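Colleague: turn this into a model:
(chains A and B)
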Amino acid sequence: MTTSTVEAAAPAAGVPGRRVPRGGRWPAFAARRTVRFAGSLWVLVTAAFLMIHLIPGDPVRAALGMTASPELVRARRAELGLDDPLWQQYLHFLKGLCTGDLGTSTISALPVSQVVGERLPATLELAGLAFVVALAVAIPLGTVMAALTRGGRRRGGELVFTSVSVLLAAVPEFLLSVLLAYVFGVQLGWFPVAGRDGPASYVLPVLALSVGPAAVLARIGRVEMLSVLGADFVRTARAKRLPARLVYVRHALPNALTATLTLGGLLLSALVAGTVLVENVFAWPGLGSTIVQSIQQKDFPVVQGIVLVYGAGVLVINLLVDVLLAVLDPRSTIKEG
Amino acid sequence: MSVRDSRWAAVVRTPVGLCAAVLLLVVVVVAVLAPLLWGERASVVDTGAVQQGPSAAHLLGTDTLGRDIFYRVLVATRLSVLLAVTATVIGVLLGLLLGTAPAVLPRRAGRLVTSAVHTAVAFPGLLLALFFAVIFGVGTTGAVLAIGLATAPSFARLTQTLSASVAGKDFVAAARVAGVGRIRMLVRHILPNIAEPLAVNATIGAGTALLAFAGLSFLGLGVQAPDYDWGRLLGEGLNRISLTPAPALAPCLAVVVTGLAFNLFGEAAAAALGVRPLSPRRTEARGLSTQRPGTVVEPDGAESVLAVRNLRVSFPGRDAPVTPVRGVSLTVRPGEAVGVVGESGSGKSLTALAAARLVEPPGEVTADRLEFAGTELLRASDRELGPLLGGRLAMVFQDPMTSFNPVLSVGRQLAEVAEQHRGMSRGAALAAAVDRLREVRVPAPERRAGQYPHEFSGGMRQRAMIGMGLMGGPRLIVADEPTTALDVTVQRRVLRLLADVRAAEGTALLLISHDVTVVAGTCDRILVMYAGRIVEELPAAELFAAARHPYTRALLAAVPDLDTDRARPLPVIPGRPPEPDRLPEGCAFAPRCPRAEDRCRGEDPDLVTDSAGHRLACWNPAPTPVAATSGGAS
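Modeller: Numbers count the residues shown, from 1 in each chain, chains lettered A, B, ... in the order given. Presented below is the predicted three-dimensional model:
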């Protein structure tokens, strides 16, 4: 990694190769990451555009049904610009995206951007809360379990922790939703089982979404923490006789977090997907229930708009994870990833 | 073939694997038989018994058309499993195609496929499945294709990774040299070698596909009436969960159990086919009865920075505790440099860690005396130990790369010592850190302090590590192989720095090394350790002339000097040091010792001090070279 040739050279600014000066690391990293983001975004937008054209048969005929008159179908096709050459439609689609015009719902005749704007907050709340809950539970839990079970101590506790977390992680969120709805909604009657109305209605959907990721994160977090606690630099920190709090929080945790957060990003993407199912179980008025409804109604502009939002969400999450990693671990900015 | 069969048989021999295999078998039997046996009963419409709760006639109640839910759940097994497996097969085949394409296609097209797969993998499977469900339309076929296509990217990724690892192997290289074509290479050499891990992952994938399918059907995007799978049954049941839970919970349970069976079987197979967990049992450790504590003779009247008497470190072993440090006694006086030499595994590093109270449970440290700067460490509270060991005792470890925290700036790591133990403010501590970096000759210390360890070179990092030790104004530096990880030219600079620091601050040094020349050149006194005990102690100046322990002599003989006949190979010590859990009886060095006698193999010699203060643990010491040349006998 390093060479001893720099030993004698006083300022490292002119040193070639990997040793990038402190100020120069971030622009290079930002440029590389932006290009990748833009590339993925282009793929997403194009895929969403092509989606409608890949549907076998005529989407307008499919949407309007077999009984619709040929004139109506022709008129609607013209209205949607489906008779133009593909490249023209593509340009039109891109232009619309830039101005925030996602098209018009074929069912409700509302602008898609309006539909998305009304439904997005409910989904964001759900996913965001669930992720925060998962992190807030998993990171302290993983850290504490690592501290308690290090050096092969408390094997019984380790076994219970591992098996419970594996089991919880294996139950899919929508089945968990059903169980939670039954136990806490129907049997105990503590929380409402449907709708988004007041703080109590958030409890079950958020719980259903966060249990799985929390279990995975806590388990991985513990393993990561254990390996970090065995690292030389933790021994150094202990040799400096820093209080245990500082050894864990300042020295060990940031190093354990890098891997945990990478996984957390993947889990957050999966969690966004999970909202689709959970929203449908709890009749949550978000994007997930809307997209399913729109697919069944063949309201393709709405489906297209929501697919774009979900896709962009996943890309943004991946970008944020990379940036966060770069802040936590300065080495990751110089790594090619 | 039989080898592979027996390997798969090993999967069933693990408890988890057996459990999963039995579950899977039950699922398959139900899937095959249920539609034949109960297909009729499951579709009998009974308008007289609509939406009933569980009863004797209908175990789980009836649905909106009065059909028996229990039988419907059983019959649905076939469709649910079949669809999941079909989708997985599509995913695996497509994944194989995409994953191997880069190896066969022209380079640019291959790259395109790779990056497409890379992008697709970032999206969660369910979102991809929804996307494809839109294209293929709502219905069973659409859902199978959607889930198949959605799982393809991850299998493509897996195929790429696996074939890349196989492609790097020798036999593939050999085939390439032999001129085997790319497609033939793929079919004959690469695919057979990745089949097993791919099969394992496909099994796990089938479990995931089952869950995904249940999800799609539950959303109304999968199986459509009059067909039914578990997902549809769940969706129907959920509508009246507030009235009766069984119609929703039963398909739930079926999905979870079957999904778990696939997953567990896959995991068990991965474990059984991948790493072999069973290692051959190590031969039993010898009892501790043959070991005796080293006897302390030295009456140390003089003031000492570090005084250790009968230090023992033990760890719980398989049968009995293992004791890698067995009764070490040593003294370091103020300003003195003491070296500890020995091969790796002799317990010298552990001795240093124990002296700094850095041995962690389950390791256990005992000593008659473990005194640093006048404080008995084994009885001191953590509150006392903090400033004492954190400030007055500096540790320098072997590998400066791994010993610095990679995510904190070097200056910060130095400064926190002063913040913690000298009560300095953040700013003052950082200024002190810069001063210390300058002292240890780190160039441009102000700028360097803000840099991270990976931006330092190896030698500079080790000097910074020494600087970190100096932050608390130490009375003793314990340096554990401080130069081993460094280039030879850098080694000398680090050693010189240690010597300068001692001269300037009057700090004592305990230097641990496997390198006799390093220790001899730096230290005043030398301790030789073997198998957890000190076997000889003597002044560094007399090392070459007066060393008498056969082990010390062997260490010295392995060092070349100007008189060494370079035509002959350097003498090496035959054999290896014993493992701490199977020490030989008697003197631990006896099996490798050219001078060993019967007594050496039966009785462990004590460490005794002669009139010159020279300590030695040997029944049959070598004559000193000086004595030998003058013709004297031992």
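
Colleague: residue in chain B nearest to chain A?
Modeller: Here chain B gets closest to chain A at one residue, B:G390, 2.8 Å apart by CB to the nearest CB. Backbone N, C-alpha and C define where each C-beta goes, glycine included.

Colleague: mind checking which residue lies nearest the centre of chain A?
Modeller: By CA atoms, centre = their mean, chain A has its centre lying nearest to A:S269, at 2.6 Å.

Colleague: isn't that residue up against B:A122?
Modeller: Yes: with contact defined as CB atoms under 8 Å, A:S269 reaches B:A122; the gap is 7.2 Å.

Colleague: pLDDT of stretch A:187-203, averaged?
Modeller: The average pLDDT within stretch A:187-203 is 81.

Colleague: now do the shared contacts for A:S269 and B:A122.
Modeller: Jointly contacting A:S269 and B:A122 under the rule CB atoms under 8 Å, 6 or more residues apart in numbering or on different chains are A:V314, A:N318.

Colleague: tell me which element the residue nearest to the centre of chain A falls in.
Modeller: Of the helices and strands defined by DSSP states H and E, A:S269 is found in helix A:253-281.

Colleague: follow-up on the earlier one: excluding its backbone neighbours, what's nearest the residue of chain B closest to chain A?
Modeller: Nearest in space to B:G390, with sequence neighbours left out and distances taken as CB to CB, 6 or more residues apart in numbering or on different chains, is A:R241 at 2.8 Å.

Colleague: can you check B:A418 too?
Modeller: For B:A418, the nearest residue in space outside its immediate sequence neighbours is B:A429; the separation is 4.1 Å by CB to CB, 6+ apart.

Colleague: next one: B:R493
Modeller: B:G459 (6.1 Å).

Colleague: distance of that neighbour from B:G237?
Modeller: According to CB to CB, to the nearest Å, B:G459 and B:G237 sit 70 Å apart.

Colleague: then B:L607?
Modeller: Between B:L607 and B:G237 the computed distance is 80 Å (CB to CB).

Colleague: before we move on, back to that, in this structure the residue nearest to B:R493 contacts B:V494, no?
Modeller: Yes: counting by CB under 8 Å, B:G459 touches B:V494, with 6.4 Å between them.

Colleague: count of neighbours near B:L36?
Modeller: 10 (other CB atoms under 10 Å in any protein chain shown).

Colleague: how about it, secondary structure?
Modeller: helix (DSSP: H, G, I helix; E, B strand; the rest coil).

Colleague: wait, B:V572 sits on B:L555?
Modeller: No: proximity of B:V572 to B:L555 does not meet the contact threshold set by CB under 8 Å, at 10.5 Å.

Colleague: which residues does the residue nearest to B:G390 contact?
Modeller: By CB under 8 Å, 6+ apart, the contact list for A:R241 reads B:L385, B:G386, B:P387, B:L388, B:L389, B:G390, B:G391, B:Q420, B:H421.

Colleague: that one in helix, strand or coil?
Modeller: Recorded secondary structure, A:R241: coil (three-state DSSP).

Colleague: so for it, what's the pLDDT?
Modeller: In this prediction A:R241 is given a pLDDT of 86.

Colleague: related to what we said a few turns ago, compare B:L607 and B:G237 (neighbour count), which wins?
Modeller: A side-by-side neighbour count of B:L607 and B:G237, using other CB under 10 Å, places B:G237 first with 25 against 21.

Colleague: ok but that one is inside a strand, no?
Modeller: No: B:G237 sits outside any strand when classified using three-state DSSP, being helix.

Colleague: thinking again about what came up before, so which other helices or strands are in contact with the helix holding A:S269?
Modeller: helix A:112-149, helix A:173-180, helix A:200-229, helix A:287-297, helix A:300-328, helix B:125-136, helix B:191-218 (3 or more CB pairs under 8 Å, 6 or more residues apart in numbering or on different chains; DSSP states H and E).

Colleague: just list whatever residues bridge to A:P111.
Modeller: Going by DSSP bridges, A:P111 is paired in beta bridges with A:T104.

Colleague: isn't it right next to A:L102, touching?
Modeller: Yes: between A:P111 and A:L102 a contact is recorded at 7.2 Å, counting by CB under 8 Å.

Colleague: between the two, which is the more surrounded one?
Modeller: A:L102 (24 against 17).

Colleague: could you measure from the more buried one over to B:L358?
Modeller: A:L102 sits 62 Å away from B:L358, going by CB to CB.

Colleague: how close does A:V234 sit to chain B?
Modeller: 8 Å (CB to the nearest CB, to the nearest Å).

Colleague: so that residue belongs to a helix, correct?
Modeller: Yes: the assignment for A:V234 is a helix, going by three-state DSSP.

Colleague: hey, where'd the strands end up in the stretch 301-450 of chain B?
Modeller: Counting by DSSP state E, counting those that start in this stretch, the stretch 301-450 of chain B has strands at residues B:306-315, B:322-332, B:337-341, B:364-366, B:369-372, B:375-376, B:393-396.

Colleague: so which of these is the most packed in?
Modeller: Among the strands of the stretch 301-450 of chain B, judged by mean count of other CB atoms under 10 Å in any protein chain shown, the one packed with the most neighbours on average is strand B:393-396 (a mean of 28).

Colleague: and that one, what's its mean pLDDT?
Modeller: For strand B:393-396, the per-residue pLDDT values average out at 87.

Colleague: adjacent strands (with direction) for that strand?
Modeller: Here, using DSSP bridges, strand B:393-396 pairs with strand B:476-480 (parallel).

Colleague: buried stuff in stretch B:498-510?
Modeller: Within stretch B:498-510, the residues scored as buried using 16 or more other CB atoms under 10 Å in any protein chain shown are B:L498, B:V501, B:R502, B:T507, B:A508, B:L509, B:L510.
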